[in-house]
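Undergrad: Have a look at this prediction, sequence included:
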Amino acid sequence: MGSPVIVEKRDVPLSELAVMEFGNKPSDGGNLLLSRDELQSLGLTEAQREKFIRRIYGSQDFINSGTRFCIWIEDGRLSEAQKIHALNERIEAVRVLRLASPDKGARTVLAKRPHQLKLMRIGNTRTIVVPSVSSERRPYLPVGIVDEHTTLTNLAFGLYDAPLWNLAIIASRLHLTWVATVCGKLKTDFRYSNTLGWNTFPLPVLTEKMRADLTHCAEDILLARERHFPATIADLYDPDKMPTDFQAAHDRNDEVLSASTSAAASRTTPSGLRGCSTFTPR
């Protein structure tokens, strides 16, 4: 038996994986986040919605196909947004809330930009979404992709404009096993951690061909989901109801990842983890 390996949090990925970050913490008192009815009540034109509104997901929104929106105002469009009464009212409400906050950062920094969420992270072309909490009953971690008009709350993680093969890693049984071992839990549900579950994942250096193969696997998983629209992530990953073609796409992804990592590990393994048979999560 090999020596134990202690798995500790890391700020950056151990391997060649893309950076995974939290979504955007609102810190808004509910003024920047909108239900469908609240969005309708703003009375915005289609052009104004295109400029100032984005769809937003947390973990449960993404898993259950919930619908929420957020006010999204870039600095260069602030003066235009302030001329719209419904938007300016909400901006001012956020300013008042943040100025009254016991948190110094909210009073001195965030209050100066009340038109924005605490963070303004969004993909230029797409974002790979990883819910922070998901049921332990699912045979795979729920993961997906959203477009450039969609952002995330801090209850989900995002890989912004990342190569699609990263999705194949997250969607694998191999990664689920790693996360189940090194990450914590909320009651019995998996509680994902970017610093402990993603940044520590010991992926060997993959060739371009391996990345291309995994990209095809990720595309097949996404296409299989589309064939079952409007089924939600919760529906599709129900272990008792998982569609045959969807399961087959995941099985193929597992096979390709296993073959790729085995071949890559025979050449090199990051941080000397090769040959270690046990580890102690911290």
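TA: Happy to help now that I have it. Numbers count the residues shown, from 1 in each chain.
Undergrad: Tell me where the model's unsure across the stretch 151-282 of the chain.
TA: 267-282 (pLDDT under 70).
Undergrad: can you give me the strands in the stretch 151-282 of the chain?
TA: 156-160, 185-186, 189-191, 279-281 (DSSP state E, counting those that start in this stretch).
Undergrad: do the same with the stretch 1-150 of the chain
TA: Counting by DSSP E, counting those that start in this stretch, the strands of the stretch 1-150 of the chain are 5-7, 21-22, 33-34, 53-57, 69-71, 126-131, 133-134, 144-147, 150-152.
Undergrad: In terms of secondary structure, what does the fifth one contact?
TA: Spelled out, it's strand 69-71. Using 3 or more C-beta pairs under 8 Å, 6 or more residues apart in numbering; DSSP states H and E, the elements in contact with strand 69-71 are strand 33-34, helix 36-41, strand 53-57. Bear in mind the C-beta positions are built from the backbone N, C-alpha and C, glycine included.
Undergrad: packing partners for the last one?
TA: The contact analysis (3+ C-beta pairs under 8 Å, 6+ apart) places strand 53-57 against strand 69-71, strand 150-152.
Undergrad: For that strand, which strands pair with it and how are they oriented?
TA: Its sheet considered, strand 53-57 pairs with strand 69-71 (antiparallel), strand 150-152 (parallel) by DSSP bridges.
Undergrad: show me what contacts the closest residue to residue 61 other than its chain neighbours?
TA: Excluding the flanking residues, the one nearest residue 61 by C-beta to C-beta, 6 or more residues apart in numbering is residue 68, at 5.7 Å. Residues in contact with residue 68, defined by C-beta atoms under 8 Å, 6 or more residues apart in numbering, are 33, 34, 35, 55, 56, 57, 58, 61.
Undergrad: Can you say which of the helices and strands packed on strand 69-71 is packed in most?
TA: strand 53-57 (a mean of 22; mean count of other C-beta atoms under 10 Å).
Undergrad: Average pLDDT for that one, rounded please.
TA: In this model, strand 53-57 has a mean pLDDT of 97.
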